[in-house]
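**Student:** With the input below, show me the fold.
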Amino acid sequence: MSYVEMHPVNPQARFVSKAVEIIRSGGVIALPTDSGYAIACALGNKTGMDLIRQVRKLDEKHNFSLLCHSFAQLGELVLVDNSQFRTIKALTPGAYTFILPGTKEVPRMTLNKKKHTVGVRIPDHVITQAIVEALGEPLLCSTLILPGEELPLINGYEVDEAIGKLVDLVIVGPVGGDEATTVIDFTEGSGVIARRGAGDTSLFE
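**Tutor:** Below is the predicted model:
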């Protein structure tokens, strides 16, 4: 079985457990989020990272993101000052990825090689949140934008058809939106829009 259909409001516990089991045993899953589909694995899973790069045809410079369940979890992974804290708090959960310097909790191979940064996000999506909460740690992920495309995949059955043979599980469920996240880069201190997507950018204009 390469896919399971999850209920958008009350995700079935057995499917959540199955996803967690696959992630913990080194597998890679595709799951719906509030901004299209993402492809994800456990933090520190080198083979999983390589597979994500292979599926998306990414180079070594690509910034991975960490899908977090809560602000407390996010705070353990990145260095955040007071004004960044207030901004992120105001925008989460939501369709934003924030680029920040990683802490020692984040494996070095996950960080941007030059800047030692990583993307973090707290999605506003029941299925994603159920899996990350049950896992008890963040998920390493990348938005599922196939090579040559500009927008992420948004239909679980199409995801299964496109990459079902490459990943260990595709979770079929509705996405919150069809655009990728808005990326806010805090590397230089104040937030700069690195990619316009689903999130409102008026705070940074």
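**Student:** Can you show me the strands along this protein?
**Tutor:** Counting by DSSP state E, the chain has these strands, from start to end: 3-5, 29-33, 36-42, 65-67, 96-101, 117-121, 139-143, 169-172, 182-185, 192-195.
**Student:** Pull out the buried residues from the last one.
**Tutor:** In other words, strand 192-195. Residues of strand 192-195 classed as buried by neighbour count (16 or more other CB atoms under 10 Å): 194, 195. C-beta here means a position set from N, CA and C on the backbone, and glycine is covered the same way.
**Student:** for it, packing partners?
**Tutor:** The helices and strands touching strand 192-195, judged by 3 or more CB pairs under 8 Å, 6 or more residues apart in numbering; DSSP states H and E, are strand 182-185.
**Student:** could I get the strand it packs on in PDB with only the CA atoms?
**Tutor:** Extracted in PDB, the C-alpha atoms of strand 182-185 (Å, rounded to 0.1, in the frame of the first residue of the first chain):
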ATOM      1  CA  THR A 182       6.000  32.500   1.800                       C
ATOM      2  CA  VAL A 183       9.700  32.500   2.800                       C
ATOM      3  CA  ILE A 184      10.900  35.100   5.200                       C
ATOM      4  CA  ASP A 185      14.700  35.300   5.600                       C
END
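**Student:** Summarise which helices and strands it is packed against.
**Tutor:** The helices and strands touching strand 182-185, judged by 3+ CB pairs under 8 Å, 6+ apart, are strand 96-101, strand 192-195.
**Student:** avg pLDDT for that strand?
**Tutor:** Average pLDDT, strand 182-185: 96.
**Student:** roughly how far out does that strand sit from the chain middle?
**Tutor:** Distance of strand 182-185 from the chain centroid (CA atoms, centre = their mean, to the nearest Å) equals 13 Å.
**Student:** Mind putting the strands of the chain into TSV with distance to residue 89?
**Tutor:** Formatted as TSV, the strands of the chain follow (distance: least, CB to CB, whole Å):
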stretch	distance to residue 89
strand 3-5	33
strand 29-33	20
strand 36-42	22
strand 65-67	17
strand 96-101	11
strand 117-121	13
strand 139-143	21
strand 169-172	28
strand 182-185	13
strand 192-195	19
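**Student:** pLDDT below threshold where in the protein?
**Tutor:** By pLDDT under 70, the low-scoring segments of the chain are 1.
**Student:** One more pass at 90, please.
**Tutor:** Low-confidence segments of the chain (pLDDT under 90): 1-2, 58-63, 112-115, 188-190, 203-205.
**Student:** in it, which spans are helices?
**Tutor:** Per DSSP state H, the chain carries helices over the ranges 13-24, 46-56, 71-77, 82-91, 126-135, 156-163.
**Student:** how about the strands of the chain, which one is nearest residue 107?
**Tutor:** With CB to CB as the criterion, residue 107 lies closest to strand 139-143 of the strands of the chain, at 8.8 Å.
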